[in-house]
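K.L.:
predicted model and sequence below, questions to follow.
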Amino acid sequence: MNDDHSGVEARTELAVSRAWNAQWLRAGELRTREGQPLTVVYRGRWTHNFGPDFQGALLAFGAELRQGDVEVHLRPSGWQAHGHHLNPAYNTVILHVVLEDEPRARPCRRQDGALVPTLVLGPALRGPLARLPPDPALPALGAIGDAPCIAEVTAPNRAGALRALERAGDARLAAKAAAFEAAFTTVTPGQALYAGLLDALGYSRNREPAGRLAELLPLADVERGLSPRDRAAAFRRAAALLLGVAGFLPLDAPVAALCGLAAEDVAALEREWAAAGEPWRDRALGRGAWSLARVRPANHPARRLLGLAALLARCAASGLLAACLEPLKAEEPKVGAAELRALLAGQERPGDVFGRYVGPDRAAEMVVNVVLPLGLAYGAWSGDERLVAGAAALWEVYPAPAANEPVRALLRQIAGGDALRLRTARQQQGALHLYRQYCQHRRCFECPIARLGRGAEG
């Protein structure tokens, strides 16, 4: 390591990320370790989370333009030292950025076997990393672009931006409804709803095992044994099957405590699994199927599965499908919204540090991404016009849950993020739709929000 990079603060991956984010590089001097000339069209967006450091980069390797992710380390050996060569979450990486080279460093290879070019950043920096200026004009880590789409939000373009978001939200809802209607050709509407709810509860790192669980343990097999008159018994049965087939039984003491279950509750679930679980015992998922690293305690998959078990118990009398669709037919959409929130989130649990197995924001995600589009699809498929009208009316008023990072990133592009407040899930889903359709792919000149910033019609 030469003296230019010897500062302790400079020798961090965050410092290298700041240099890459600012593109504090000498133009025309980028070449990969493998000898390819490299042009950065878009550096990508810093992710703040597990997975590659910068997502959605556009890079030209010679004449070949590629889109993918960028991972940052101090040296090439960091790729294997951090286990990225074994992790499929890094199969989207198209460039490995390091500060300094290493003699005899191994080629960088992804879990799927693909080789990843490595860029040694040190020789191309504009100066020593320790002198990277804290320039407020430089884009912040996590920003999509270098300038906001709309420099100042005025009353006219605020209304136009919200209309654009609502149209985009409608497009996202229509796509989800179409996917559900297509699913009805292979599974029952109830099974499609159940699989969708499991997918929403598995979000984001446990969607794959949640989908496998829906296939291994179909809704019909769960509902067949639920008592419509004894909600506690129905909960024990559903919880035992879900946890058992998921591979969480017998329940470890730390997980039981995390779930707010007393010793007698755990014993009852394990007795229920011993009595009813034989058809699945040889096919159950293992604990290793679930991603638990850096999962917030309230989002542990065992808690999420207990939340679904509680929902199934609440719906045992009429069935999951009928119970979830009934609020969509309420005379007042806001009444239906309140009924859906209560149904999916359930009651507060005394003694449980988190209060509920499913929090209000996750319940809202389940409504917006699963129940409403499925209600539209089922209404159209079955010819139930009242259901279609009710789902559409509820869609217009359902409150927005807490924004996720893609939504926050898009809003930061609009006059810094404080000028536009999203009040409905329809608007928020529109923001997510625009982010994925336009921001990720740098299709700014096609984006309706960017057109507003240029004075075009929204």
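P.N.:
Right, received. Where do you want to start?
K.L.:
number of nearby residues for Ile64?
P.N.:
Not quite, residue 64 is Glu, not Ile. Residues near Glu64, counting by other CB atoms under 10 Å, number 8. Bear in mind the C-beta positions are built from the backbone N, C-alpha and C, glycine included.
K.L.:
and it, bridged to which residues?
P.N.:
With DSSP bridges as the criterion, Glu64 is bridged to Phe61.
K.L.:
distance from the chain centre to whichever strand or helix holds Ala302, please.
P.N.:
Using DSSP states H and E, Ala302 sits in helix 301-314. The chain centroid and the centroid of helix 301-314 are separated by 20 Å under CA atoms, centre = their mean, to the nearest Å.
K.L.:
got it, and stretch 14-23?
P.N.:
25 Å.
K.L.:
next, the buried residues of it.
P.N.:
Buried positions in stretch 14-23, judged by neighbour count with 16 or more other CB atoms under 10 Å: Ala15, Val16, Ser17, Arg18, Ala19, Trp20, Asn21, Ala22.
K.L.:
tabulate the residues you listed (a markdown table), appending pLDDT and secondary structure.
P.N.:
Compiled in a markdown table, those are given as follows (pLDDT from 0 to 100; DSSP: H, G, I helix; E, B strand; the rest coil):
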| residue | pLDDT | secondary structure |
| --- | --- | --- |
| Ala15 | 84 | helix |
| Val16 | 87 | helix |
| Ser17 | 86 | helix |
| Arg18 | 85 | helix |
| Ala19 | 87 | helix |
| Trp20 | 89 | helix |
| Asn21 | 85 | helix |
| Ala22 | 84 | helix |
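K.L.:
just for the stretch 1-150 of the chain, where's the confidence low?
P.N.:
Where the stretch 1-150 of the chain drops to pLDDT under 70, the residues are 1-11, 27, 48-50, 134-150.
K.L.:
just the strands in it please.
P.N.:
38-42, 45-46, 54-61, 64-73, 93-98, 118-120 (DSSP state E, counting those that start in this stretch).
K.L.:
nearest to Asp199 among these would be which one?
P.N.:
Minimum separation from Asp199 across the strands of the stretch 1-150 of the chain (CB to CB) falls at strand 54-61, 21.1 Å.
K.L.:
what ranges does the stretch 351-458 of the chain have for its strands?
P.N.:
Taking DSSP E, counting those that start in this stretch, the stretch 351-458 of the chain contains no strands at all.
K.L.:
re the thing from before, with respect to Leu312, which of the buried residues of stretch 14-23 is nearest?
P.N.:
For those, the nearest to Leu312 is Ser17 (44.2 Å; CB to CB).
K.L.:
the closest one against Arg45, yeah?
P.N.:
No. Using CB atoms under 8 Å as the test, Ser17 is too far from Arg45 to be in contact (11.6 Å).
K.L.:
which neighbours do those two share?
P.N.:
By the contact definition CB atoms under 8 Å, 6 or more residues apart in numbering, Ser17 and Arg45 are jointly contacted by Phe54.
K.L.:
let me see the contact set for Tyr435.
P.N.:
Applying CB under 8 Å, 6+ apart, the residues near Tyr435 are Ile144, Pro406, Val407, Ala409, Leu410.
K.L.:
try it again with 10 Å
P.N.:
Taking CB atoms under 10 Å, 6 or more residues apart in numbering, we find Tyr435 in contact with 45, 56, 144, 168, 404-411, 413, 447.
K.L.:
what's the ChimeraX line that selects buried ones from those?
P.N.:
Here is the ChimeraX command that selects only those of those that count as buried (16+ other CB under 10 Å):
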select :45,56,144,168,404,406,407,409,410,411,413,447
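K.L.:
can you put the contacts of Tyr435 in CSV and add distance to Ala338?
P.N.:
Shown next, in CSV, are the contacts of Tyr435 (distance: CB to CB, whole Å):
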residue, distance to Ala338
Arg45, 36
Gly56, 37
Ile144, 35
Ala168, 26
Asn404, 23
Glu405, 28
Pro406, 28
Val407, 24
Arg408, 27
Ala409, 31
Leu410, 28
Leu411, 27
Gln413, 33
Cys447, 35
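K.L.:
one step back: okay, the buried residues of stretch 14-23 in TSV with distance to Ala178 next?
P.N.:
Below are the buried residues of stretch 14-23 laid out as TSV (distance: CB to CB, whole Å):
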residue	distance to Ala178
Ala15	46
Val16	43
Ser17	39
Arg18	42
Ala19	44
Trp20	39
Asn21	38
Ala22	42
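K.L.:
of the residues you listed, which is the nearest to Thr424?
P.N.:
Once CB to CB is applied, the member of the buried residues of stretch 14-23 that ends up nearest Thr424 is Asn21, at 32.6 Å.
K.L.:
that closest one touches Val40, doesn't it?
P.N.:
No. Asn21 is not in contact with Val40 according to CB atoms under 10 Å; the separation is 11.1 Å.
K.L.:
list the contacts for Val367?
P.N.:
Val367 neighbours (CB under 10 Å, 6+ apart): 200, 324, 327-328, 336-337, 340-341, 343-345, 373, 375, 394-395, 398-399, 401, 425.
K.L.:
mind checking which of the residues you listed are in helices?
P.N.:
200, 324, 336-337, 340-341, 343-345, 373, 375, 394-395, 425 (DSSP state H).
K.L.:
against Gly51, how distant is the closest residue in space to Met366 that isn't next to it in sequence?
P.N.:
Nearest non-adjacent residue to Met366, counting by CB to CB, 6 or more residues apart in numbering: Ala200, 4.6 Å away. As for Ala200, its distance to Gly51 is 20 Å (criterion: CB to CB, to the nearest Å).
K.L.:
out of those two, which sits in the busier spot?
P.N.:
More crowded of Ala200 and Gly51, by other CB under 10 Å: Ala200, with 23 against 17.
K.L.:
what count of nearby residues applies to the residue lying closest to Thr39 once chain neighbours are set aside?
P.N.:
Once flanking residues are discounted, Thr39 sits nearest to Ala60: 4.1 Å by CB to CB, 6+ apart. Using other CB under 10 Å, Ala60 is surrounded by 15 other residues.
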